[in-house]
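K.L.:
For reference, the sequence and a predicted model appear below.
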Amino acid sequence: MRRRIALADDRGAATAEYAIATMAAVGFASLLVVIMRSDEVRGILTDMVRTALSFGG
């Protein structure tokens, strides 16, 4: 009977899930930082901003 009670105890499960989700978000953010630092991506974004600003003025 004690095994069933021990297996049914979910305390701490939500904390572990939040930790895993946080680690995934940190990994994704790190990947975005690496991508955004590349010269090619920076040039594409700069061109997009310039194009958007030229339409407004």
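P.N.:
All right, it came through fine.

K.L.:
Do a quick rundown of the helices in the chain.
P.N.:
2-8, 13-36, 39-56 (DSSP state H).

K.L.:
tilt between the second one and helix 39-56?
P.N.:
With axes from the mean of the first three to the mean of the last three CA atoms, to 10 degrees applied, the angle from helix 13-36 to helix 39-56 works out at 80 degrees.

K.L.:
Just put the helices of the chain in CSV and tack on mean neighbour count and mean pLDDT.
P.N.:
Using the backbone N, CA and C atoms, a C-beta is placed for each residue, glycine as well. Converted to CSV, the helices of the chain look like this (neighbours: other CB atoms under 10 Å; pLDDT from 0 to 100):
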stretch, mean neighbour count, mean pLDDT
helix 2-8, 7, 58
helix 13-36, 10, 92
helix 39-56, 9, 91
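
K.L.:
Please report how far residue 29 lies from residue 55.
P.N.:
31 Å (CB to CB, to the nearest Å).

K.L.:
Let me see the contact set for the residue positioned nearest the centre of the chain.
P.N.:
What sits nearest the mean C-alpha location of the chain, by CA atoms, centre = their mean, is residue 25, with 3.1 Å. Residue 25 makes no contacts at all, as judged by CB atoms under 8 Å, 6 or more residues apart in numbering.

K.L.:
And it, how far from residue 44?
P.N.:
Where residue 44 is concerned, residue 25 sits at a distance of 24 Å (CB to CB).

K.L.:
and what of residue 23?
P.N.:
Look at residue 23 and residue 44: by CB to CB, they are 29 Å apart.

K.L.:
Run through the residues that contact residue 30.
P.N.:
With contact set as CB under 8 Å, 6+ apart, residue 30 has no partners.

K.L.:
when you give positions from now on, start the count at 33
P.N.:
Noted, 33 is the first residue going forward, which turns the last one into residue 62.

K.L.:
how close does it get to residue 70?
P.N.:
Here residue 62 is placed at a distance of 14 Å from residue 70 (CB to CB).

K.L.:
again with residue 76
P.N.:
Separation of residue 76 from residue 70 (CB to CB) stands at 10 Å.

K.L.:
got the contact list for stretch 81-89?
P.N.:
Outside stretch 81-89, not a single residue reaches it (CB under 8 Å, 6+ apart).
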